[in-house]
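S.K.: Provided below are the primary sequence and the corresponding predicted coordinates.
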Amino acid sequence: MSGELRVPMSCRILLFPLPYQGHINPMLELASLLHSRGFAITIFHTQFNSIDPTKHPSYDFISIVDGTTPDQFEQDDILSQFIVLNNNCEGPFHDSLTKILDENKGVACLVADLHWYKMHAVAKRLGVASLVLRTGSAASLRCFITFPVLRAKGYYPLQESQKDELVTELPPYRVKDLIGMNNSNIVDLAMILTQDVEAAKNSSGIIINTFNAIESDDIKKLHQEFSVPIFAIGPLHKFTSQLQSSLLPPDRSCLDWLDTQAPNSVLYASFGSLASMDYGEFLETAWGLANSGQPFLWVVRPGSIRGTENAYMPDGFDEEVRGRGKVFAWVPQLEVLAHDAVGGFWTHNGWNSTLEGISEGVPMICRPYFGDQMGNARYVTHVWKVGIELEEKLERRMIAKAVRSLMREKEGNAMRERMRELRRNASDCIKANGSSYSAINKLVDHILSS
Ligand code: UDP
């Protein structure tokens with residue numbers, strides 16, 4: 001491609017994804033992109049949610065002994081998992097990095113997830129340039145930086161009674177959209193956000209999986225708030241062909257079923273790799289989808305329902321939705337969203353899912369669960385205006401109504417129209433001279449010159 005720098009193959013980039021699906025995918029997409037530009041690639045991976053090296057034969061892999069035990073990861077407390085992972089991996093990562101430096105493999109830099117704050121510190125101590133990859137939105141990173149101000153102003157701990165108030169320091173967020181709304185441990189949250197921001201400030205650059213057309217204001221503000229360079233190079237999945245990065249095996253038969261469905265008729269419902277609901281919400285979801293009268297494809301992965309490993313559909317559900325609704329444990333989401341039959345996406349608004357839905361122009365029903373998902377949903381519904389949010393307690397009638405609105409009514413059609421524009425923006429930004437394409441050239445240049 002024109003304007004691309006050629007890289008000596010001896011120039012190696014080390015990448016370390018945080019071991020969760022929503023963090024592994026963008027890091028491997030970035031690896032593929034950098035490899036296509038000529039860099040040699042080494043991936044560090046933990047034993048917890050380890051990546052299968054045989055699926056990526058062009059890369060070197062280094063396994064980090066994380067010393068975690070299943071009971072540390074049994075509960076939904078992601079923040080304490082981040083802390084355990086950082087604490088346990090720091091030493092082994094230090095030793096591995098020292099070894100690879102001793103081997104003189106032409107290491108140019110480390111790219112590690114923003115939440116690997118201790119690994120960034122190790123790289124600094126060993127004199128290796130490190131870049132952070134923020135796998136969430138630019139707006140969510142601004143939320144991290146603003147956290148101390150919000151805390152000092154009394155927003156935290158977040159109060160249910162203030163949940164609908166606007167956060168004047170961080171528009172368009174309301175209190176309920178802020179990170180930490182779902183009873184996160186405030187001490188852990190404050191510690192992690194402080195360390196993350198510190199890591200970003202001390203890095204040699206911040207890579208964000210977003211693009212200018214959807215977050216130009218937030219990206220501009222990040223440029224003012226950080227003195228290190230910022231590279232908005234998303235949507236990363238658009239730069240790569242299908243990667244084998246799924247931790248669960250995707251059931252491709254869902255694509256055969258989609259082939260039998262009319263264009264734009266199917267609602268795809270999936271809540272990512274971590275979110276879980278209680279059994280009551282599961283029942284409401286099942287009957288809401290069934291009663292909507294709309295064809296649907298629903299992902300219910302092991303662990304989706306709190307307290308049960310395997311979900312059993314309620315009595316009468318299969319008969320009610322026969323031929324019209326399908327349930328799978330895991331699907332190839334990018335291909336599902338790109339399928340002509342899919343006309344709507346009920347999502348938890350993980351950032352990858354949000355970007356993937358935008359890239360394929362699929363309007364959304366938003367039901368965020370935790371972390372940055374509420375903020376992402378806020379942008380979908382109130383900034384880009386391409387989704388309907390399901391607020392308050394999940395209830396089957398409101399679900400069926402939202403599905404009908406999105407799939408069959410004027411409100412949904414207007415959102416579909418606006419989504420088409422965002423999809424165009426997403427494909428334009430990766431073309432030569434598009435904003436993300438240019439940012440990648442700058443990133444490569446930056447890596448080679450640092
Ligand atoms: N995904 C998938 N198949 C599924 C459900 C999800 O491949 O059945 C992928 C999806 O494409 C996305 C990732 O899993 O890339 C989930 O990341 P996201 O940030 O949306 O949510 P998280 O899992 O981190 O909450």
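M.R.: Received it, and whenever you're ready, just let me know what you need. Numbering: from 1, shown residues only.
S.K.: Not including adjacent chain positions, what is the nearest residue to Arg252?
M.R.: With sequence-adjacent residues excluded and distances taken as C-beta to C-beta, 6 or more residues apart in numbering, Arg252 is closest to Pro332, at 6.1 Å. C-beta coordinates here come from the backbone N, C-alpha and C atoms, glycine included.
S.K.: Any idea how many residues pack against that neighbour?
M.R.: Per other C-beta atoms under 10 Å, the neighbour tally for Pro332 reads 16.
S.K.: Can you name the residues of the stretch 301-450 of the chain that neighbour the ligand?
M.R.: Trp330, Val331, Gln333, Leu334, Gly350, Trp351, Asn352, Ser353, Glu356 (C-beta under 6 Å from any ligand atom).
S.K.: 5 Å instead?
M.R.: Residues of the stretch 301-450 of the chain found near the ligand (C-beta under 5 Å from any ligand atom) are Trp330, Val331, Gln333, Gly350, Trp351, Asn352, Ser353.
S.K.: Which ones among those residues map onto helices?
M.R.: Taking DSSP state H, the ones among those that sit in helices are Gln333, Trp351, Asn352, Ser353.
S.K.: could I get the residues you listed as TSV with pLDDT and neighbour count?
M.R.: Conversion of these to TSV gives the following (pLDDT from 0 to 100; neighbours: other C-beta atoms under 10 Å):
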residue	pLDDT	neighbour count
Gln333	97	24
Trp351	98	27
Asn352	98	26
Ser353	98	23
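S.K.: Max pairwise distance over these: which two?
M.R.: Spatial extent of those (C-beta to C-beta) is set by the pair Gln333 and Trp351 at 13.3 Å.
S.K.: Buried residues, the strand or helix carrying Val403. List them.
M.R.: Using DSSP states H and E, Val403 maps to helix 396-408. Neighbour-count burial for helix 396-408, with 16 or more other C-beta atoms under 10 Å as criterion, is recorded at Arg396, Ile399, Ala400, Lys401, Ala402, Val403, Arg404, Ser405, Leu406, Met407, Arg408.
S.K.: Let me know the pLDDT of the second one.
M.R.: This means Ile399. The model reports Ile399 with a pLDDT of 98.
S.K.: thinking it is in contact with Ala286, fair?
M.R.: No: if you go by C-beta atoms under 8 Å, Ile399 and Ala286 don't touch, sitting 9.5 Å apart.
S.K.: tell me how far the helix or strand containing Leu443 is from the chain's mean position?
M.R.: Element membership of Leu443, judged by DSSP H and E, is helix 435-449. Offset of helix 435-449 from its chain centre (C-alpha atoms, centre = their mean, to the nearest Å): 22 Å.
S.K.: Among the residues of the stretch 301-450 of the chain next to the ligand, which one lies nearest to the ligand?
M.R.: Gly350 (2.2 Å; C-beta to the nearest ligand atom).
S.K.: which phi and psi does the closest one have?
M.R.: When read as degrees, to the nearest 10, the backbone of Gly350 gives phi -60, psi 150.
S.K.: mind listing what the nearest residue to it once chain neighbours are set aside touches?
M.R.: The shortest distance from Gly350 to any non-neighbouring residue, by C-beta to C-beta, 6+ apart, is to Gly272 (4.2 Å). Taking C-beta atoms under 8 Å, 6 or more residues apart in numbering as the criterion, Gly272 is in contact with Gln21, Gly22, Thr347, His348, Gly350, Asn352, Ser353.
S.K.: Settle this for me: the last one is touching Ser270, isn't it.
M.R.: Yes: in terms of C-beta under 8 Å, Ser353 counts as a neighbour of Ser270; the distance is 7.1 Å.
S.K.: which residues are common contacts for those two?
M.R.: Common neighbours of Ser353 and Ser270, using C-beta under 8 Å, 6+ apart, are Gln333, Phe345, Thr347.
S.K.: Which helix or which strand is home to the second one?
M.R.: Going back to what we said before, that points to Phe345. Secondary structure from DSSP H and E places Phe345 in strand 342-347.
S.K.: Same check on Gly361?
M.R.: Per DSSP H and E, there is no helix or strand for Gly361.
S.K.: Kindly report the same for Asn413.
M.R.: Assigned by DSSP H and E, Asn413 belongs to helix 410-429.
S.K.: quick one on the thing from earlier: quick check: of the buried residues of helix 396-408, which lies closest to Leu236?
M.R.: Here the nearest of the buried residues of helix 396-408 to Leu236, counting by C-beta to C-beta, is Leu406; it sits at 26.7 Å.
S.K.: What helix or strand is the residue nearest to Asn185 when sequence neighbours are not counted located in?
M.R.: Leaving aside its chain neighbours, Asn185 sits nearest to Leu79 (6.0 Å; criterion: C-beta to C-beta, 6+ apart). Per DSSP H and E, Leu79 falls inside helix 78-102.
S.K.: buried residues in that helix?
M.R.: 78-79, 81-86, 88-90, 92-94, 96-97, 100.
S.K.: Repeat that for stretch 149-156.
M.R.: Buried residues in stretch 149-156 (16+ other C-beta under 10 Å): Leu150, Arg151, Tyr155, Tyr156.
S.K.: Can you convert those into a markdown table and add a column each for pLDDT and secondary structure?
M.R.: Below are the buried residues of stretch 149-156 laid out as a markdown table (pLDDT from 0 to 100; DSSP: H, G, I helix; E, B strand; the rest coil):
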| residue | pLDDT | secondary structure |
| --- | --- | --- |
| Leu150 | 96 | helix |
| Arg151 | 94 | helix |
| Tyr155 | 93 | coil |
| Tyr156 | 91 | coil |
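S.K.: Could you dump these into CSV and include distance to Ala40?
M.R.: Below are the buried residues of stretch 149-156 laid out as CSV (distance: C-beta to C-beta, whole Å):
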residue, distance to Ala40
Leu150, 42
Arg151, 43
Tyr155, 45
Tyr156, 44
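S.K.: Test my guess that Ile440 contacts Leu33.
M.R.: Yes: using C-beta under 8 Å, Ile440 is in contact with Leu33, at 6.8 Å.
S.K.: neighbour count winner among the two?
M.R.: More crowded of Ile440 and Leu33, by other C-beta under 10 Å: Ile440, with 23 against 18.
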